[in-house]
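Peer 1: Provide a 3D model corresponding to the input given below.
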Amino acid sequence: MYVATVPNRSSPPAILLRESFRLDGKVKNRTLANISHWPPHQIESLRHVLKGGSASGAPLPEAFHILRSQPHGHVAAVLGSLRKLQLDSILDPAPSRQRDLVIAMIVSRLIGPASKLATARALHCDTLHTSLGELLDIQSADETELYQAMDWLLARQPRIEQELAQRHFRDGGLVLYDLTSTYFEGRHCPLAKLGHSRDDKSGKLQIVFGLLTNVEGAPAAVEVFAGNTADPKTVAHQVKKLRERFGLKQVVLVGDRGMLTSARIREDLPQSHGIEWISALRANQIQKLAQDGVLQMSLFDKTDLVEIAHPDFPGERLIACYNPLLAEERARKRPDLLAATEKQLEKIAAATKRTKRPLRGKQNIGLRAGKILNRYKMGKHFQLRIEEDSFHYERKTANIEREESLDGIYVIRTNVKADGLNRTQVVASYKNLSGVERAFRSLKTVDLHVRPIHHRLPDRVRAHILLCMLAYYVEWHMRRLLAPILFDDHDPAHAQAARASIVSPAQRSAAATRKARTKKTDDGLAVHSFQSLLRDLATIVNNRVQPNDKNIPTFNMLTTATSLQQKALNLLGVALPASRV
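Peer 2: Model prediction:
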């Protein structure tokens, strides 16, 4: 490019910014801009810059100062995705500072999970470390404002969940429900109780929360319970929510065997409610089927899935499945667990026989034995005899053999008629609970880090869990769009087609296997995890640049996106803003 002065008869000459190019072997010129209206000193500065200098005449590296650099690309990707989902309007149709603060907490949960205090510091103009606070114009927020915004959000939870349910649930469709627990920091929240820990933190207080998703795993509602709440006790709340709040007259609720028990099915899911269900039988119920001759290994000689019936389950369909790989795994693990249990029980027996400070008392011996049996989950396979001064144990051989004969077998139960869902669809629906488990992994450990939880007020805990659920809602949609450049399988239809049977383990598509092996996409781009891609996008930085020449105003300049970064933004449908003054 160069600056050309073109005579203009009796008028002042025209000052044009031009560039040269070659066309058909000939050098051509074209005008990019008419800068005749510029002051003379700016025109001379531009001439100097185009010749390799700076506007001030100083070397280029000394002609500019970068006042501040804010990681921006990951913020733009997440915030842009949130807005494309219209989640801001779902939070509240009317713009407000409270809504912006909630959006900031949702985005922060994805790009850098932290406490509310740390989140507030990351937004403040003096301590920010991304462009999020500037984009939402909340650079003066403090943690008190964030807590108030959480209270504002919780009051809107019923309406938010209702709108998400309208998007993802439909009459006659499937709704998946599962529970998890997460341990708690502190001792002052009424919701924090000792209970069955899924995190192997039995000595810590915890809370329990349940998630409702559609069949694909998109979350629509979450509810928090006290940490000592039993899984089946939460079912009635979800049934009421589906029927009364979401207005679903006919739906199929899918839950695991520990939640949709026979008692819950009988009391909370009567036929008159219009809610059908899919669950599974417990191990003792499966053994009863085998003892009664209804369930035999010969049923699986030619197939791995068969439908049976039993008078204990009137009006229900029982679909028995046999997975040889699962059978092999259980047969491998059981002897190791039995041996490990015996080794620890033998130590207790030895402690009762030692001469120095022997272990005494039924209660003391029983407590130690109980800890061992709970650790290895082998209590059903051992017969214990505890006396005041002795301890004996032996294996329940018949019980072990009975369980071994049923290795690899599980039974799905449902009241959905065959003309509603065939047996393959019933099994597939139950297996879709893995999508809820995937959500829990993301919420608790992989991406969103719901813990540690320090809030003392029950409503603040509920609001915190809701924020995390909304963040996962954004992540779930982003992952689906970004799947071609993530390790996620981006060709699920071919993966399903490659599966020999719905009972057999899930398969990855050939394209996903190739992507995982080469660590490259088919067009040669590096493959990422979701978090590493966000870190890559964070290297797109918004720089605030101050020229030394005071006649040139301060301006913002974004890092140029790499091919991979641009691919990610294109997949999300998010455009970066142009550099601005």
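Peer 1: sketch out the low-pLDDT regions of the chain for me.
Peer 2: Scanning the chain for pLDDT under 70 picks out the ranges 52-62, 272, 578-581.
Peer 1: quick one: list the elements packing against the longest helix seen in it.
Peer 2: The helix that spans the most residues within the chain, counting by DSSP state H, is helix 324-353. Taking 3 or more C-beta pairs under 8 Å, 6 or more residues apart in numbering; DSSP states H and E as contact, the helices and strands that helix 324-353 lies on are helix 362-376, strand 391-395, helix 397-404. Quick note: C-beta positions are derived from backbone N, CA and C, even for glycine.
Peer 1: neighbours around the residue nearest to Ile111 when sequence neighbours are not counted, how many?
Peer 2: Distances taken as C-beta to C-beta, 6 or more residues apart in numbering place His74 nearest to Ile111, at 5.0 Å, with adjacent residues excluded. Residues near His74, counting by other C-beta atoms under 10 Å, number 26.
Peer 1: check His37 too.
Peer 2: With neighbours defined by other C-beta under 10 Å, the count for His37 comes to 8.
Peer 1: does it sit in a helix, a strand or a coil?
Peer 2: Reducing the assignment at His37 to three states with DSSP: H, G, I helix; E, B strand; the rest coil gives coil.
Peer 1: now it: how far from Met1?
Peer 2: Going from His37 to Met1 by C-beta to C-beta, to the nearest Å gives 18 Å.
Peer 1: I figured His124 hits Glu143, correct?
Peer 2: No. Using C-beta atoms under 8 Å as the test, His124 is too far from Glu143 to be in contact (10.3 Å).
Peer 1: can you list the strands that the longest strand seen in the chain pairs with?
Peer 2: Once the chain is assigned using DSSP state E, the strand that runs over the most residues is strand 11-23. The partner list of strand 11-23 in its sheet, established with DSSP bridges, is strand 2-8 (antiparallel), strand 26-34 (antiparallel).
Peer 1: toward the C-terminus, what is the element adjacent to the last one?
Peer 2: In other words, strand 26-34. Once the chain leaves strand 26-34, the next helix or strand it forms, by DSSP states H and E, is helix 40-50.
Peer 1: what's the offset of that following helix from the middle of its chain?
Peer 2: Taking C-alpha atoms, centre = their mean, to the nearest Å, one finds helix 40-50 lying 53 Å from the centre of the chain it belongs to.
Peer 1: ok, now stretch 232-250?
Peer 2: 23 Å.
Peer 1: now the helices and strands packed on helix 324-353 as CSV including distance to Leu537 and mean neighbour count?
Peer 2: What follows is the helices and strands packed on helix 324-353, written out as CSV (distance: least, C-beta to C-beta, whole Å; neighbours: other C-beta atoms under 10 Å):
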stretch, distance to Leu537, mean neighbour count
helix 362-376, 43, 15
strand 391-395, 56, 15
helix 397-404, 50, 12
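Peer 1: what's the closest non-adjacent residue to Val436?
Peer 2: Asp178 (4.1 Å).
Peer 1: any idea what that neighbour is bridged to?
Peer 2: Beta bridges link Asp178 to Leu211 when assigned by DSSP bridges.
Peer 1: how about it, what does it touch?
Peer 2: With contact set as C-beta atoms under 8 Å, 6 or more residues apart in numbering, Asp178 has these partners: Gly210, Leu211, Gly255, Asp256, Met259, Leu433, Val436, Glu437, Phe440.
Peer 1: verify the assumption that the fifth one is located in a helix.
Peer 2: Just to be clear, that refers to Met259. No. Read with three-state DSSP, Met259 is coil and lies in no helix.
Peer 1: count of residues packed around it?
Peer 2: If we define neighbours as other C-beta under 10 Å, then Met259 has 20 of them.
Peer 1: perfect, that will be all.
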